[in-house]
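>>> What would the 3D arrangement of this be:
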Amino acid sequence: MQFGHGMVTWSSKRQAIVVLSSTESEYIGLTHVLKEILWVRQFLGKLISKFTMPTKLLSDNQGAITLAKNNKFHAQSKHIDIRYHFIREAIIAKLTEVTYMPTIDNIANIFTKVLAVPKFNRF
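Sure, this is the predicted structure:
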């Protein structure tokens with residue numbers, strides 16, 4: 001997470017569950033990131049001032065974004081543990097807004113994927 005031009009927090013965590021799709025994995029990852037975002041919002045809100053705008057959460061998985069934004073895929077997602085649907089409540093409460101970032105522009109890929117030299121140098 002960035003605040004101004006500096007990183008505030010960073011973590012890496014292996015998911016301890018088995019998932020059935022990359023969308024499900026990304027959705028669970030978004031929920032973990034959201035928990036960190038809400039903690040930082042609360043912490044900085046006490047130091048500086050309360051946040052009035054939703055914090056932007058970027059994802060390169062459009063299926064996970066769609067799943068987070070509405071419940072129309074209930075049949076395909078009913079097996080996902082309810083604790084991961086917390087992200088929907090945060091979107092409704094305007095604490096976060098999940099938006100699409102194309103994979104080609106996703107700087108986080110430097111940590112998660114094997115990149116060709118030109119793409120590595122770009123990031």
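
>>> For burial, what's the neighbour tally of A90?
For A90, the count of nearby residues is 22 (other CB atoms under 10 Å). Where you see a C-beta, it was placed from the backbone N, CA and C, and this is true even at glycine.

>>> separation between it and R41?
From A90 across to R41, the span is 10 Å (CB to CB, to the nearest Å).

>>> A116 too?
Taking CB to CB, one finds A116 at 36 Å from R41.

>>> and if you look at A16?
Distance from A16 to R41, counting by CB to CB: 26 Å.

>>> Neighbour count: those two, which is higher?
Ranked by neighbour count (other CB under 10 Å), A16 and R41 place R41 first, with 17 against 5.

>>> and the more buried one, what does it touch?
F51, T55, L95 (CB atoms under 8 Å, 6 or more residues apart in numbering).

>>> rerun that using 7 Å as the cut-off
F51, T55 (CB atoms under 7 Å, 6 or more residues apart in numbering).

>>> check which helix or strand covers it.
Taking DSSP states H and E as the criterion, R41 maps to helix 22-47.

>>> Same question for that helix: list its buried residues.
23-31, 33-34, 37, 40-41 (16 or more other CB atoms under 10 Å).

>>> Can you name the secondary structure element that comes next after it?
Using DSSP H and E, the helix or strand that follows helix 22-47 towards the C-terminus is strand 55-59.

>>> which secondary structure elements does that following strand contact?
The contact analysis (3 or more CB pairs under 7 Å, 6 or more residues apart in numbering; DSSP states H and E) places strand 55-59 against helix 22-47, strand 96-100.

>>> now the first one: how far from the chain's centre is it?
So the one you mean is helix 22-47. Taking CA atoms, centre = their mean, to the nearest Å, one finds helix 22-47 lying 6 Å from the centre of the chain it belongs to.

>>> Now do that helix against strand 55-59: the angle between them, please.
Angle, helix 22-47 to strand 55-59, by axes from the mean of the first three to the mean of the last three CA atoms, to 10 degrees: 160 degrees.

>>> quick one: average confidence on helix 22-47?
Mean per-residue pLDDT for helix 22-47: 89.

>>> Turn the helices and strands packed on strand 55-59 into JSON lines, including distance to S12.
Shown next, in JSON lines, are the helices and strands packed on strand 55-59 (distance: least, CB to CB, whole Å):
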{"stretch": "helix 22-47", "distance to S12": "11"}
{"stretch": "strand 96-100", "distance to S12": "21"}
